[in-house]
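J.: sequence and predicted structure are below.
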Amino acid sequence: MTTENTPGNTTQMTDHPDIVAMGARYDRMAETPAAQLTDGLTMLAGLFVALSPWIVGFTQFSGLMLSNLIVGITIAALGACFAMAYERSHRLTWVCPLLGVWTVVAVWTVSGAEATTGVVLSNVLGGAVVVLLGLAAMMPMYRAKRAARS
């Protein structure tokens, strides 16, 4: 995408000073130890959700097993994206809390009343951790917006 500053002179949108400053601000946020810890834990929580049918032993619930596998891999991929390219993936931080809520709700919507205590605990605790980590991943973005307004 190009924008014209003067007739006959075009520059790339990515060279705009505001875009460059915003990218630098997101780079600084992603480099903090708290952000790195949150991103790493998000990836680990996603792997736990993905592997929980085999860890806890509820592979007999094929619908819930498939749901956990897909959602868990998605959460792990988002955590990896936040860690490697926060400036490009920060707009997706709101997805993690939603996926965490789905992980909790999926126990009853996908498996029905057949869920055992281990299945319920695994999904509820895994989903709650994902929700909390997703909210923590969203905090730097809100702080940056608040700082930019000041």
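T.: In hand now; what should we look at? Residues are numbered from 1 along each chain as shown.

J.: point me to the helix or strand that includes Asp39.
T.: helix 33-52 (DSSP states H and E).

J.: buried residues, that helix. List them.
T.: For helix 33-52, the neighbour count (16 or more other C-beta atoms under 10 Å) marks 35, 38-39, 41-43, 45-46, 48-50, 52 as buried. For the C-beta atoms, the positions are set from N, CA and C on the backbone; glycine is no exception.

J.: ok, then the element right after that helix?
T.: Taking DSSP H and E, what comes next after helix 33-52 is helix 62-84.

J.: after that following helix, next one along is what?
T.: helix 86-89.

J.: now the residue nearest the centre of the chain. Nearest residue, chain neighbours left out?
T.: In the chain, the centroid-proximal residue (C-alpha atoms, centre = their mean) is Cys96; its distance is 3.9 Å. Counting by C-beta to C-beta, 6 or more residues apart in numbering, Gly134 is the residue found nearest to Cys96 once chain neighbours are left out, at 2.8 Å.

J.: I'd like the buried residues of helix 33-52 as TSV, with distance to Thr109 appended.
T.: Conversion of those to TSV gives the following (distance: C-beta to C-beta, whole Å):
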residue	distance to Thr109
Ala35	33
Thr38	28
Asp39	29
Leu41	26
Thr42	23
Met43	25
Ala45	20
Gly46	20
Phe48	20
Val49	16
Ala50	18
Ser52	16
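
J.: what angle separates the longest helix seen in the chain from helix 62-84?
T.: Counting residues, the longest helix in the chain under DSSP state H turns out to be helix 117-149. Here the directions of helix 117-149 and helix 62-84 differ by 30 degrees (axes from the mean of the first three to the mean of the last three C-alpha atoms, to 10 degrees).
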